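Participant: Provided below for reference: sequence and predicted model.
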Amino acid sequence: MTTHGVTALDPSHFDEVRDLGFSPAGFRPNAGETGAIKYHLARPGIVRVFIRPRNRRFLDIRTLADWEPQQAGDHSLVWDGKDNKGNVLSPALYCAVVESQPLRGTIHREHLPLDGNLHHEDMMVVDGKRVHAHTLHEEDKCRQLKVDVTAPQAREKLSGTCQITVKVREDARGYGREVGHSARYYVDYLLLHEDKDVSGPVANWDWDTRRIPNGTHVLSVACCDHHDHMASDSIVVKIDNP
């Protein structure tokens, strides 16, 4: 739904808008230009806004608002076209996701459509979709993770089987300290492997690079703490198999 060209959300409905574009659509980060993400809140709420590759749900490459309280009305956030490490991207390949939920403390657990058959106590079903009730989360734990690919190194030349190592930073593990996290491994934003249950902050995967064409590729790892707080890190590597 839009109002005067601005995406409209109602936090009381636990709204989410995916694949939201930027204004202007063809902004050029290399020239110092920025793109705006515009939306309207029908009521005050907590809001998350993040950038991801198109059609890749869990690859959060930049968080612009992290379940922050916002007033009703029109809002605009600026994206400079960079990921969380400052790498300049091509905006045409990315989109924004905007989510809103009721302000913390304004709604009680017994008033939510929680589903006791689901694995997590904060899970509910809204309009047929499984949704985490961030409005119930402890505020100091309700935040996006911080993730680093520690091996291999950026621009490293790889061949054969090599180990991919990713670490969730201790200062931002949140619920991950209690329930662990998942790790998803992508090459050129295509999912190759997933570990659903990683108990500690470090995860590893042995990647057979011989299944990938030689040349330069983007290696990404995304982690999620099972309470819908996530982050990813990407590096460029070069595959050079005989």
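Facilitator: Cool, got the structure.
Participant: Show me the shaky parts of the chain.
Facilitator: 1-5, 115-120 (pLDDT under 70).
Participant: what do you get if the cut-off is 90, keeping everything else the same?
Facilitator: When residues are selected by pLDDT under 90, those of the chain lie in 1-7, 55-58, 85, 107-130.
Participant: Domain ranges for it, per the record?
Facilitator: Per automatic domain parsing, the structural domains of the chain span 2-101, 147-239.
Participant: Turn these into CSV, columns for mean neighbour count and distance to Asp127.
Facilitator: The C-beta positions use only the backbone N, C-alpha and C, and glycine is treated the same way. Formatted as CSV, the domains of the chain follow (neighbours: other CB atoms under 10 Å; distance: least, CB to CB, whole Å):
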stretch, mean neighbour count, distance to Asp127
domain 2-101, 17, 8
domain 147-239, 17, 17
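Participant: for those domains, which one sits closest to Ile107?
Facilitator: domain 2-101 (8.2 Å; CB to CB).
Participant: And the closest one, how far out from the chain middle?
Facilitator: Computed by CA atoms, centre = their mean, to the nearest Å, the chain-centroid distance of domain 2-101 equals 11 Å.
Participant: what's the answer for stretch 144-160, then?
Facilitator: In terms of CA atoms, centre = their mean, the centre of stretch 144-160 is found 18 Å from the chain centre.
Participant: Now do the end-to-end distance for that stretch.
Facilitator: End-to-end span of stretch 144-160 (CA to CA, to the nearest Å): 34 Å.
Participant: No further queries at this time; thank you.
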